[in-house]
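Peer 1: Fold the following and give me the result.
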Amino acid sequence: MKFVLLFGPQASGKMTVGHELEKLTALKLFHNHMTIDLVLPFFPFGSPSFNRLVKLFRREMFEEVAASDLYGMIFTYVWAFDHEGDWKFIEGICEIFRSRGADICFVELETDVEERLQRNKTPHRLAHKPTKRNLEHSEQNLLEDMQKYRLNSLPGEVQEKNYIRIDNTNLTAAETAALIQKTFQL
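Peer 2: Residues are numbered from 1 along each chain as shown. The predicted structure is shown next:
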């Protein structure tokens, strides 16, 4: 079992790279908006019901995949490194997979803000993430979160054995996925 945690700021290409990595491997993509967009029509973002359901659905999916005979999963996440709750969430996910003997690969994407603002408007992103279709709101959120949170790690902060940080500003999603596949022999 392989678990690829693909993280970085909004619009750094996580989902798109995940789709490309899915094409190259037997891994299944579970991008973070799959649960967000499922719950959001019913409960406001950040509300207690929203948070509980997103957490519940994700955890159940992780448990089922970790216990299955699937080759593995890619999960995308915007990790706020200065937010203790995000560290606990990541550790909890990893423990589910570690307890089943999975190999965990940490992949961090960093992308300059100008490129992220362009990627925020791509048809692929908008097709898969309904909540991003209000471009003005989505762009504002991207810029505000960049000021509010630290969305890339500091050197040496991620202490995992299987870790790679990729500046994919000038790489295609396919090139980035191929680099991940090669690095971790997926």
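
Peer 1: Okay, buried residues for the helix or strand of the chain with the lowest mean pLDDT please.
Peer 2: Lowest mean confidence among the helices and strands of the chain (mean pLDDT, DSSP states H and E): helix 123-128, at a mean of 77. By 16 or more other Cβ atoms under 10 Å, the buried positions in helix 123-128 come out as 125, 128. C-beta coordinates here come from the backbone N, C-alpha and C atoms, glycine included.

Peer 1: Helix or strand next in line after it, which one?
Peer 2: Next helix or strand after helix 123-128 toward the C-terminus (DSSP states H and E): helix 135-148.

Peer 1: where do the helices sit along the chain?
Peer 2: For the chain, the helices defined by DSSP state H occupy 14-24, 33-39, 48-67, 84-98, 113-119, 123-128, 135-148, 173-184.

Peer 1: Mind naming the longest strand for this protein?
Peer 2: The longest strand of the chain (DSSP state E) is strand 103-110.

Peer 1: if we can go back for a sec, so which residues make contact with the least confident helix or strand of the chain?
Peer 2: Contact partners of helix 123-128, identified using Cβ atoms under 8 Å, 6 or more residues apart in numbering, comprise 11, 15-16, 19, 31, 33, 119, 132-133.

Peer 1: then that helix to PDB, C-alphas only?
Peer 2: C-alpha atoms of helix 123-128 as PDB (Å, rounded to 0.1, in the frame of the first residue of the first chain):
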ATOM      1  CA  PRO A 123     -10.900  25.000 -16.900                       C
ATOM      2  CA  HIS A 124      -9.600  21.800 -15.300                       C
ATOM      3  CA  ARG A 125      -9.700  23.300 -11.800                       C
ATOM      4  CA  LEU A 126     -13.000  24.900 -12.300                       C
ATOM      5  CA  ALA A 127     -14.500  21.700 -13.700                       C
ATOM      6  CA  HIS A 128     -13.500  19.700 -10.600                       C
END
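
Peer 1: That one: how far from the chain's middle?
Peer 2: From the chain centre to the centre of helix 123-128 is a distance of 15 Å (Cα atoms, centre = their mean, to the nearest Å).

Peer 1: ok so, going back, so which of the helices of the chain is the most surrounded?
Peer 2: helix 14-24 (a mean of 22; mean count of other Cβ atoms under 10 Å).

Peer 1: For the residue lying farthest from the centre of the chain, give its distance to Q159.
Peer 2: Centroid-distance maximum for the chain: F42 at 22.9 Å, with Cα atoms, centre = their mean. From F42 across to Q159, the span is 38 Å (Cβ to Cβ, to the nearest Å).

Peer 1: In TSV: the helices of the chain, plus distance to F106.
Peer 2: Converted to TSV, the helices of the chain look like this (distance: least, Cβ to Cβ, whole Å):
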stretch	distance to F106
helix 14-24	13
helix 33-39	20
helix 48-67	16
helix 84-98	9
helix 113-119	20
helix 123-128	23
helix 135-148	21
helix 173-184	10
